[in-house]
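Asks: Sequence first, then the predicted structure, then my questions.
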Amino acid sequence: MYRRFFRSCLCTLRLLLCVALGLAFASVPLRGQAALTNSVAYLPSIDTPSDEAALEVAAMQKIADQWDEAVQQHDPYALDLVLSPKLVDISSGGQVTHRDELVALVTKKKSPIRALNQKVSSVRVLGDVAIVNGTYDVAFPPDEEHRAQKDETGVYSQVFERLSNSWVCINSQRTALVAESGHSGSKKKDVRSTAAF
């Protein structure tokens, strides 16, 4: 009689031990899955801009505004603050201009650019490099020398490098938007001149 009692207790203990081990092993993946689910919930969505992205756009817009003002004021010193000595500027027509040429062109007495307006739309910061995309408008002076040039609107992509807590542009490339019009399905392109800025 005692033997049956001990055997039944031993079987019950084994069963409880098996159930406890089974639950212990089953809970390990559940905890891991819960941690993975929680970490995914904290990842920022690509579709919605974060506060940090908005701050980066605002900071780069300040630099774009300094650049625009320097061009309009023909101020070489202000341009030096936003343009890297390594700058390569590619106009919408494919003309390559380096920083010194660009500063000389923009700051001469009869500058080919009357007004520049850059609007930053997106910024991606990768360590000490920032890629900036946006739109621009260039207005040319209505004098004899620049009469053939039409004002230009387009999109740009710029690469900035961080140097001692400030950003300087090392590459700028523009694409002019072309006005299309036509009759009976034909498209006529509005040919625009290229401008360096």
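Replies: Perfect, I can see it now.

Asks: Just to check, residue 171 is in contact with residue 83?
Replies: No - look at residue 171 against residue 83 with Cβ atoms under 8 Å: they stay out of range, at 10.7 Å. C-beta coordinates here come from the backbone N, C-alpha and C atoms, glycine included.

Asks: What residues does the nearest residue to residue 96 once chain neighbours are set aside make contact with?
Replies: Spatial nearest neighbour of residue 96, excluding adjacent residues (Cβ to Cβ, 6 or more residues apart in numbering): residue 90 at 5.7 Å. Contact analysis of residue 90 by Cβ atoms under 8 Å, 6 or more residues apart in numbering lists 96-97, 171-174.

Asks: Using JSON lines, lay out those together with neighbour count.
Replies: JSON lines is the format used below for the contacts of residue 90 (neighbours: other Cβ atoms under 10 Å):
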{"residue": "96", "neighbour count": "11"}
{"residue": "97", "neighbour count": "19"}
{"residue": "171", "neighbour count": "16"}
{"residue": "172", "neighbour count": "24"}
{"residue": "173", "neighbour count": "16"}
{"residue": "174", "neighbour count": "23"}
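
Asks: For those, give me TSV that also has distance to residue 63.
Replies: Shown next, in TSV, are these (distance: Cβ to Cβ, whole Å):
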residue	distance to residue 63
96	22
97	19
171	14
172	12
173	17
174	16
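
Asks: Would you mind giving these as CSV with secondary structure, distance to residue 159 and pLDDT added?
Replies: Supplementary listing: these in CSV, determined by DSSP: H, G, I helix; E, B strand; the rest coil; distance: Cβ to Cβ, whole Å; pLDDT from 0 to 100:
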residue, secondary structure, distance to residue 159, pLDDT
96, strand, 15, 93
97, strand, 15, 91
171, strand, 4, 96
172, strand, 8, 95
173, strand, 9, 95
174, strand, 13, 93
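
Asks: which one of those sits closest to residue 106?
Replies: residue 97 (9.9 Å; Cβ to Cβ).
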